[in-house]
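1. got a sequence here, can you build the structure:
(one chain, ligands or ions: 1)
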Amino acid sequence: MEGLLLIISGPSGVGKSTITNRILERLGATLSVSMTTRKMRPGDVDGEHYHFVDEGAFESVVEAGGFLEHAVYAGNQYGTPREPVDKILASGGVIVLEIDVAGAAQVKGKMPGAFAVFIEAPTRDALLHRLRTRSTEDEATIQRRFGIAQREIEFAHASELYDAFVINDDLERAVSELAGLVESAMAARG
Ligand code: 5GP
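-> Now for the predicted structure:
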């Protein structure tokens, strides 16, 4: 049986990566490692969080048709390598894509069977606070990401892309809710 493609989106600072890691463990799923042109941040591990590349290398993958989707976010390129996704799906596994709303729209267009979830902060202030406290970036970058985040949230709700919205008010609760949603989606497909 074909596996499940799970898209997890949400504004930066919402705790998506933590939720994603917990879901990977809980469901024995595989994370799709994106390619990006953004600069490495402290704590980033090349090949684990992202494949960090320059513009030239990114463009050659675009030209070779190697991305399932790709998009620009906050001035940097991000893309999902196609091959690992196809392999996991063919073997019946669960593959998780942690991508933005533009990427989610592209993937849903190509793979309507994908299950897409949007993670939200409990309030706007909570999101700004999380962006500030976790960030190693300057205030202008934080404000820019906050602006993008607000547009993403509006877009996510206005679009029909997302199958579910999960509020990260409490990590354990949010992880359990998401795991339950994915298990139901898999059961519904038989
Ligand atoms: P960050 O730079 O904070 O790691 O990620 C910025 C945004 O890019 C996040 O919303 C993240 O989900 C998104 N992103 C990461 N990888 C990809 C990708 O391969 N494709 C798309 N479309 N977005 C991505």
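2. just checking, what's the longest helix in the chain?
-> Ranked by residue count under DSSP state H, the longest helix found in the chain is helix 139-158.
3. quick check: mean pLDDT of that helix?
-> For helix 139-158, mean pLDDT is 92.
4. the helix or strand following that helix - which strands sit beside it in the sheet, and in what orientation?
-> Next in sequence after helix 139-158, counting helices and strands by DSSP states H and E, comes strand 164-167. In the sheet, strand 164-167 lines up against strand 115-120 (parallel) (DSSP bridges).
5. pretty sure residue 131 is touching residue 13, no?
-> Yes: look at residue 131 against residue 13 with C-beta atoms under 8 Å: they come within range, at 3.8 Å. C-beta here means a position set from N, CA and C on the backbone, and glycine is covered the same way.
6. overlap of the contact sets of these two?
-> By C-beta atoms under 8 Å, 6 or more residues apart in numbering, residue 131 and residue 13 have these common neighbours: 145, 149.
7. now what about the helix or strand of the chain with the lowest mean pLDDT, what contacts it?
-> Least confident element among the helices and strands of the chain, by mean pLDDT, DSSP states H and E: helix 124-134 (a mean of 89). Here helix 124-134 makes contact (C-beta under 8 Å, 6+ apart) with 11, 12, 13, 14, 15, 121, 142, 145, 146, 149, 150.
8. pull the most distant pair out of the residues you listed.
-> For the contacts of helix 124-134, the maximum inter-member distance is 16.9 Å, found between 15 and 150 (C-beta to C-beta).
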